Structures are given as C-alpha cells and as structure tokens.
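>>> predicted coordinates and the sequence they were generated for:
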Protein chains: 4
Amino acid sequence: MQEPGYLYSLEFAVRDYECDIQGVVNNANYQHYLEHARHEYLISKGISFARLHEEGLDLIVIRADIEYKYPLKSLDRFLVTVNVQREGNIRIVFLQEIFRLPDMKPVVRARITGAATKNGKPVYPGEVIKKLGLE
Amino acid sequence: MQEPGYLYSLEFAVRDYECDIQGVVNNANYQHYLEHARHEYLISKGISFARLHEEGLDLIVIRADIEYKYPLKSLDRFLVTVNVQREGNIRIVFLQEIFRLPDMKPVVRARITGAATKNGKPVYPGEVIKKLGLE
Amino acid sequence: MQEPGYLYSLEFAVRDYECDIQGVVNNANYQHYLEHARHEYLISKGISFARLHEEGLDLIVIRADIEYKYPLKSLDRFLVTVNVQREGNIRIVFLQEIFRLPDMKPVVRARITGAATKNGKPVYPGEVIKKLGLE
Amino acid sequence: MQEPGYLYSLEFAVRDYECDIQGVVNNANYQHYLEHARHEYLISKGISFARLHEEGLDLIVIRADIEYKYPLKSLDRFLVTVNVQREGNIRIVFLQEIFRLPDMKPVVRARITGAATKNGKPVYPGEVIKKLGLE
C-alpha cells in the first residue's frame, strides 16, 4: 500500500497488551510499530534484516527522535509511513509518521537514523543503499 | 543509589527476552529502561505514576530524543541515570544516560520531554513540580 | 475470516522485535498473539475488553496451558484460531491454535481458562456468556 | 538468594510498562519473569542460554502450564522461585512460583517443560543435565 507523499505505509491495529495503565499505547511500543514498518519496507525492497544479520551485516539504529502528538487507544487502527534519505556516506535516515485511521489524526512523527556494522565496525552498506535507490 | 552528577540512578541486568535476532537489546527496550528509572525516581520523590493516573492526572512523554552509542548484550549489567529540569512553565525534561557496568561504557544518551494532562488537556503539574524541587 | 472448525481466526505476520537471540519468536509473545486473537474475537461479538474494564468488569486469565510445537521465525505469517466453551458456571475456556502459513504447520496449541471479576471478586459474566452464545 | 524449599529465587519489582489497561501486570509478562529467573538460575550453574545458542545448542520450552492466582500491580515487589527435575531422558521440568513481597501471597504457579535442540533436532543436553545435578 502506498500513500501519496510516502514511499511505503503499513496498517496496524492496536493490540490491548500494548496499552498501559493510562489506557493508551505505551511509548516504547511506537518504536516497535516504526521498526516493523521499516522492516516490512526493507523486505518490499528485497532486504531482510534477519537474513543480513546471518550474513554478518547488522543494520542498527544510532539515533531516534520521536515526537508524540496524540495517543493511540484500544480498538484504534493506524497507519505507519516510511520515507528514506541518505545522510552523508554512511547514514540512512527514515522519516516516519503514524496517523490514526480513518481520520488521519497525527499520532507520532519520528526521525530514525540508521547505520550498518560488520562485526561491530561501521561499514558502507552498498547493497542496501542500492536496493533503496539512494545511490 | 546516587552517582556523582546524577540525581538518581538505578541498576539493571539485561534479560534475555529483551535481546533480539542480532543478539543485542532491541532499541525499544531502552525506552522501557529509561521509563522504569524515571518512575522509580518519581517514587523516590513521593510521586506514583499509577496513583496520579487514578487521580486523573497523567504524566506523558511528548518527545524522546535517544542516541544509541553502544549495544547491551545478554549478561550485561547497566546503570540508568536521571537528571531533571524544567522547560518553560509546563514541560519537564529528563536527561538520562545508560552506562554498561562495571566499565561505565556509554550505551544510551536520552532527552525525554514530559508534560501533564488532565482528561486529555495540558495542565500545570504543580504538585509534581514542587515534589521534584523544580519551582 | 473463519476457518473450518474454528469460530474465529486472525492472520498475523511475525515482527522482528518479537524474535529473540535464538532467531525465533520468544515464548511469551505467543501469549500476546493468543490474547490479541481472543480480544478481536470478543470485539467481533460486540465485547470490548477495554470498555468492560471501564465499566468495572475485568475478564481475566486464570490458567494458561500452552504446547509449543514448532517455532515461528522472522518473515513467517501465521493464523491464530479461537474456539470457546463454558466450564461450569463461571469459567470460559478458549481453545486456541497457531498455524504457520501457508503450510498450516502446527505451531502452538493452547487452552486458556478465563473468568470474570468485579472489584477483584469473581462474578458470573452474564452479558459476555450471552453474547458468546454459551448460555 | 535461596529460599527454603527452592533451589533458586530472584527478586523483582513490577515495571509500570508491564501493566496493562486493567492496571495489573499483563499475563504474558509473567512468562518473562519466569524465563528471566530460569536463565539467572542457569547462569548461577555456569550455563549461559545465549552462549549455548552461539555453540548451536538451543534450550527451548515445549510446554508451559501457568496458573494465575493473584495479580501483581504497579509498585509491587515479588519473588520468582525455581525448582528443577528431569522427566524421562530428554526433558527438564522447571517448577516455578511467584510470590508477592513481603507477604508471600501466591501470584503464579507454573510448570515449564524444556528440551534441547541442535539445528532444530532434539538432543540429549548432557552438559546441562550434569551442571544442574540431574544425572
């Protein structure tokens, strides 16, 4: 599914165990949603996070800047969007948003900065950059 | 426990279920660690997140800026620190760090911005501000 | 979606953060899948777990018996099924299974026993029993 | 720390993110507590779950039977106990309990059945059996 202005988007439903005492989705779970949408986006581009790990290449998050605008609750459905850009030679930046459905109320706005490592050392993830069309 | 330079710190051990396919703690779990240390800090100041919710006051995170410096692994022990400051009249900013133990290797550095709401509307959390000594 | 032999079934995809060091879904997460499928089944019957809680009625699990037959991995898709029966006057038993898709390989077989409480005291969940057609 | 009648026990505090809409610890999280106590017990016997995985040997749970007796809430502290016995030649059974502190109110009673696999095939975990004193 592709929304205007986004490279990729994925629809989710809130699961009750993701909500906390306040009756809203716990903050950390939004990072799970963002991650899952990124990984599904990567898979749609032929890149498997798990398979890369088996080959010794780890895509890692080095920075997450997350703005929480409105909380999701039990029964809510929502959309997680993905945009991607390069930063310098090494970093890949994911610009992601979460919108409640169907009213598209903004829920989260995030900037997730990723890099690649091989045996713990930073590397240039050539194949990933290529598959993402960021060359 | 209080470390020099920190208002509060709490020691944790990595739990294996917190690690992911890459063998390191999953990014979202660091937010869990940071939250638990904040809540324990609040409790040490006589503020219960759960009790406030029952009284209708919700402390919420409106922004999280997290730098991931080095990953934690199975068997690692670590320290989560808490500093706090006011931002304007409404916001409370938590400056938090995670250090691996015993070598104090920096793992995460975070800036978590909080606010308070009552029935979904922003309010001035007077009692909280007072108990935190931020007046 | 309804599979032959099941009252209800829901399709999921493994999310990478649900996998652990062994590269397979962590045991506790299957309980999350089972719970989410049960709650969606209840919603399909007009019963909201969250709304009941607001009204003071809590549906709780008092016993979970889970057989792990085959692990799910990154990229796997799977089906969680729900059957339900009454046990005595008070208990509701959910018979649930998880099958990997598309080969329907059995992954988990579970027997989840639920009850209802009001202010911590066991009660007869008349309305729920009725909506589930278990009278 | 060792309680009378238990081989091993570990003290925990509830973390607020582990609680759900009902204000109590979500069911799946008790499995996390049980797992963490088992892994720490194994470590106390010189057995690392993560290191065994790197060597190709996976300790897996094939059955979990969990009785939920009383819920844990925000601010609660609790003890998770571990007993272990062999079942036949292949299976290791962990008998575990969770007690609220300090009143030792029974919270959970569980029987977790484990086995070992190498490349997905069941094996006799000789070294583990020996280190646990179950020969």
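In hand now; what should we look at?

>>> interface residues of chain A facing chain D?
A:Asp16, A:Tyr17, A:Cys19, A:Asp20, A:Ile21, A:Gly23, A:Asn26, A:Ala28, A:Ser74 (Cβ under 8 Å from any Cβ of the partner chain). In short, each C-beta sits where N, CA and C put it, glycine included.

>>> tell me which residues touch the residue of chain A positioned farthest from its centre, please.
Computed with Cα atoms, centre = their mean, the residue of chain A farthest from its C-alpha average is A:Ile21, at 25.4 Å. Contacts for A:Ile21 (Cβ atoms under 8 Å, 6 or more residues apart in numbering or on different chains) come out as B:Phe49, B:Ala50, B:His53, D:Asp16, D:Cys19, D:Asp20, D:Ile21, D:Gly23, D:Ser74.

>>> was I right to think the fourth one contacts D:Ser74?
To tie it back to what came earlier, the one meant is D:Asp16. Yes: contact criterion Cβ atoms under 8 Å: D:Asp16 and D:Ser74 qualify, at 5.4 Å.

>>> overlap in contacts of the two?
A:Ile21, B:Phe49, B:Ala50.

>>> can I get those residues in a markdown table including pLDDT?
As requested, the shared contacts of D:Asp16 and D:Ser74 are exported to a markdown table (pLDDT from 0 to 100):
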| residue | pLDDT |
| --- | --- |
| A:Ile21 | 89 |
| B:Phe49 | 83 |
| B:Ala50 | 82 |
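
>>> what residues does chain A have near chain B?
Residues of chain A lying near chain B (Cβ under 8 Å from any Cβ): A:21-22, A:27-29, A:31-32, A:35, A:49-50, A:53, A:58, A:60-69, A:71.

>>> which ones among these map onto helices?
A:Asn27, A:Ala28, A:Asn29, A:Gln31, A:His32, A:Glu35, A:Phe49, A:Ala50, A:His53 (DSSP state H).

>>> so how far is chain C from the second one?
Read that as A:Ala28. 10 Å (Cβ to the nearest Cβ, to the nearest Å).

>>> contacts only, for that residue.
So A:Ala28 contacts B:Ala28, B:Asn29, B:Gln31, B:His32, B:Glu35, D:Tyr17 (Cβ under 8 Å, 6+ apart).

>>> right, and the fifth one touches A:Asn27 too?
So the one you mean is B:Glu35. Yes: using Cβ under 8 Å, B:Glu35 is in contact with A:Asn27, at 6.9 Å.

>>> skipping adjacent residues, who's closest to A:Ala64 in space?
B:Ile66 (4.7 Å; Cβ to Cβ, 6 or more residues apart in numbering or on different chains).

>>> do the same with A:Ser44
A:Tyr8 (6.4 Å).

>>> who does the longest strand anywhere in chain A pair up with?
Ranked by residue count under DSSP state E, the longest strand found in chain A is strand A:105-118. Sheet partners assigned to strand A:105-118 using DSSP bridges are listed as strand A:57-68 (antiparallel), strand A:91-101 (antiparallel), strand A:121-123 (antiparallel).

>>> reformat those strands as TSV; add mean pLDDT and mean neighbour count.
Below are the strands paired with strand A:105-118 laid out as TSV (pLDDT from 0 to 100; neighbours: other Cβ atoms under 10 Å in any protein chain shown):
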stretch	mean pLDDT	mean neighbour count
strand A:57-68	95	19
strand A:91-101	97	20
strand A:121-123	89	11
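
>>> my guess is A:Leu34 contacts A:Glu97. True?
No: A:Leu34 lies out of contact with A:Glu97 (Cβ under 8 Å); the separation is 9.3 Å.

>>> shared neighbours of the two, which are they?
Common contact partners of A:Leu34 and A:Glu97 (Cβ under 8 Å, 6+ apart): A:Val80, A:Val108, A:Ala110.

>>> hmm, the second one is touching A:Glu97, no?
The one in question is A:Val108. Yes: with contacts counted by Cβ under 8 Å, A:Val108 reaches A:Glu97, the gap being 6.7 Å.

>>> what does the worst-scoring helix or strand of chain A on mean pLDDT contact?
Using mean pLDDT, DSSP states H and E, helix A:49-54 stands out as the lowest-scoring helix or strand of chain A, at a mean of 86. By Cβ under 8 Å, 6+ apart, the surrounding residues in contact with helix A:49-54 are A:39, A:42, A:58-59, A:128, B:21-22, C:16, C:19, C:23, C:73-75.
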